[in-house]
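Sequence first, predicted model second:
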Amino acid sequence: MGKQLYVTNISFQATEEDIWKHFSVAGKVKHIKLLTDPVTGKFKGCGFVEMATLQDAKEAIDTLDDCLVIDRQIKVEEARPPKPRETQYSSADRRKPAPGKRPSGRGRK
């Protein structure tokens, strides 16, 4: 079990401070990251809470899962490790024709 927790169904009125206060009941909170939409900047209703110790994280799950925070019943679970990202290709790589295909365009007769 890790110290990083994933929290869902957080009220859209909740602030980082509200989440910090609730999780402090279970133990020492090291960091909170509330997720926002990259385009609109609006809060998505979920986030990550990092606890100081594994025992604090377990206590937070046991104590705060299904707990009412502001106007919603939050879900608290252990965060899964991030998936590896796919390799990014340069734009030049995307222009290459697929194997066995002839290039189209001006040079073709």
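Great, that's in hand.

Okay, helices next: where are they in the protein?
Counting by DSSP state H, the segments of the chain that form helices are 16-24, 54-64, 91-95.

out of those, which comes closest to Y6?
helix 54-64 (10.3 Å; C-beta to C-beta). All C-beta atoms are positioned from the backbone trio N, CA, C, and that covers glycine.

could you check the angle helix 16-24 makes with the closest one?
Per axes from the mean of the first three to the mean of the last three C-alpha atoms, to 10 degrees, the angle that helix 54-64 makes with helix 16-24 is 100 degrees.

those strands in the chain, which residues are they?
Applying DSSP state E to the chain gives strands spanning 4-8, 29-36, 43-51, 68-69, 72-73, 75-78.

looking at the ones you listed, which is buried most?
strand 4-8 (a mean of 20; mean count of other C-beta atoms under 10 Å).

tell me which strands and helices that strand is in contact with?
Applying 3 or more C-beta pairs under 8 Å, 6 or more residues apart in numbering; DSSP states H and E, we find strand 4-8 packed against strand 43-51, helix 54-64, strand 75-78.

Now render these as JSON lines, adding mean pLDDT and distance to A26.
Below are the helices and strands packed on strand 4-8 laid out as JSON lines (pLDDT from 0 to 100; distance: least, C-beta to C-beta, whole Å):
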{"stretch": "strand 43-51", "mean pLDDT": "96", "distance to A26": "7"}
{"stretch": "helix 54-64", "mean pLDDT": "96", "distance to A26": "4"}
{"stretch": "strand 75-78", "mean pLDDT": "96", "distance to A26": "9"}
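
Any chance of JSON lines for those, columns distance to L5?
JSON lines is the format used below for the helices and strands packed on strand 4-8 (distance: least, C-beta to C-beta, whole Å):
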{"stretch": "strand 43-51", "distance to L5": "5"}
{"stretch": "helix 54-64", "distance to L5": "6"}
{"stretch": "strand 75-78", "distance to L5": "6"}
